[in-house]
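Asks: have a look at this fold, sequence not included:
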């Protein structure tokens with residue numbers, strides 16, 4: 001072990017990470033450069049995996065044996081915007097007050113990242129038999145795709161891990177299930193005409209209304225279908241249209257109308273079902289109505305973001321191992337999406353477990369309590385002890 005590395009407490013490391021403005025629209029490379037330098041100072045082997053444009057990167061480090069897979073501690077480096085929020089202090093300067101550490105990303109999820117990095121010197125002195133890997137990603141808040149390029153390499157030119165722990169804030173509860181988040185944009189292209197003679201054109205707005213009504217019907221059916229596991233809130237797959245824009249005037253058949261929509265699916269839902277049902281409605285009903293007076297229009301739906309759900313995997317190594325680490329007896333669910341589904345899809349047993357509450361995430365004056373930071377540190381120390389014994 002190198003003696004050159006600077007030891008930072010979890011709070012000091014969190015302060016450093018928060019100081020980087022890594023809102024998803026920005027580059028995260030200054031933060032990654034800092035982490036890289038820190039890893040080098042402790043002689044920790046790592047790889048940097050840039051995105052296609054080179055303005056962002058993930059980093060994957062291994063403490064302990066390099067010839068086998070271990071436990072991945074997975075965190076993202078990006079944060080949501082602060083624009084328009086009423087912060088009482090600089091969001092990118094950590095402020096500690098009354099047992100809380102305030103800053104953008106303090107709980108979601110730079111605290112977990114800080115714990116994993118700050119505890120590296122202790123991981124190194126633990127004489128690990130099972131390695132501890134740290135994967136820091138990007139774009140989790142927008143697409144959840146910043147982790148994918150590294151995951152593709154696991155089991156190929158990097159050893160396949162035994163388990164992944166995604167450190168989103170769960171108050172250190174062990175989460176084994178969450179819904180998928182899949183978003184789309186649909187655009188109806190019509191043809192303008194005077195509204196007094198609708199047979200001379202095709203209204204994109206009217207057709208979009210039909211499509212949204214069909215999504216409403218699908219959503220109602222999903223509600224009736226329910227959640228057989230009884231673990232989710234709400235206990236069904238949700239379908240939602242968030243924005244709609246189209247038309248130029250009341251008395252003109254609209255040329256274009258677009259709307260953004262999503263579904264948040266139970267892990268048991270076939271992710272192709274809802275878009276396939278809407279497409280069938282397009283072909284069998286909406287397109288025929290749009291073009292009943294002539295070949296005036298078309299309808300296109302584009303997939304924007306697809307975050308896979310995390311399905312329960314009772315008795316998996318990740319579940320049993322992390323329950324022991326966290327001192328818990330049972331797993332929980334969460335209503336938000338994470339990168340965990342990508343690990344699971346790659347065949348890696350995965351749970352979500354991290355310090356702090358999601359209730360403080362994305363808000364002005366986001367914070368993590370110092371008690372939760374300490375609970376996370378204790379969790380990391382138990383992890384080192386367990387990885388040193390097996």
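Replies: Done, it's in. Remember, it's a predicted structure, so these values are computed and weren't measured experimentally.
Asks: break the chain down into its domains, please.
Replies: With domains defined by automatic domain parsing, the chain comprises 10-178+309-389, 181-307.
Asks: quick one: mean pLDDT for the shortest one?
Replies: Along domain 181-307, the predicted confidence averages to a pLDDT of 97.
Asks: could I get the contacting residues of the closest residue to residue 20 other than its chain neighbours?
Replies: Spatial nearest neighbour of residue 20, chain neighbours left out: residue 31 (4.0 Å); criterion: C-beta to C-beta, 6 or more residues apart in numbering. Backbone N, C-alpha and C define where each C-beta goes, glycine included. Applying C-beta atoms under 8 Å, 6 or more residues apart in numbering, we find residue 31 in contact with 17, 20, 22, 77.
Asks: residue 81 now?
Replies: Contacts for residue 81 (C-beta under 8 Å, 6+ apart) come out as 23, 24, 25.
Asks: what distance do you get for the first one to residue 89?
Replies: Distance of residue 23 to residue 89, given as C-beta to C-beta, to the nearest Å: 17 Å.
Asks: now do the second one
Replies: In this structure, residue 24 and residue 89 are 22 Å apart, going by C-beta to C-beta.
Asks: ok, these two, which is more surrounded?
Replies: residue 24 (19 against 12; other C-beta atoms under 10 Å).
Asks: thought the more buried one was touching residue 79?
Replies: Yes: counting by C-beta atoms under 8 Å, residue 79 is a contact partner of residue 24 at 7.3 Å.
Asks: and residue 123, how far is that from residue 19?
Replies: 24 Å.
Asks: closest to residue 163 out of the contacts of residue 31?
Replies: Among these, residue 77 lies closest to residue 163 (C-beta to C-beta), at 21.6 Å.
Asks: got a list of what the closest one touches?
Replies: Taking C-beta under 8 Å, 6+ apart, we find residue 77 in contact with 17, 20, 22, 28, 31, 32, 110, 113, 136, 137, 138.
Asks: ok, now residue 233?
Replies: 333, 335.
Asks: switch to 7 Å and redo it
Replies: By C-beta atoms under 7 Å, 6 or more residues apart in numbering, residue 233 lies in contact with residue 335.
Asks: can you redo the contacts of residue 31 as a markdown table with secondary structure and pLDDT?
Replies: Below are the contacts of residue 31 laid out as a markdown table (DSSP: H, G, I helix; E, B strand; the rest coil; pLDDT from 0 to 100):
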| residue | secondary structure | pLDDT |
| --- | --- | --- |
| 17 | helix | 98 |
| 20 | coil | 98 |
| 22 | coil | 98 |
| 77 | coil | 98 |
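Asks: reformat those residues as a markdown table; add distance to residue 38.
Replies: Formatted as a markdown table, those follow (distance: C-beta to C-beta, whole Å):
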| residue | distance to residue 38 |
| --- | --- |
| 17 | 10 |
| 20 | 13 |
| 22 | 16 |
| 77 | 13 |
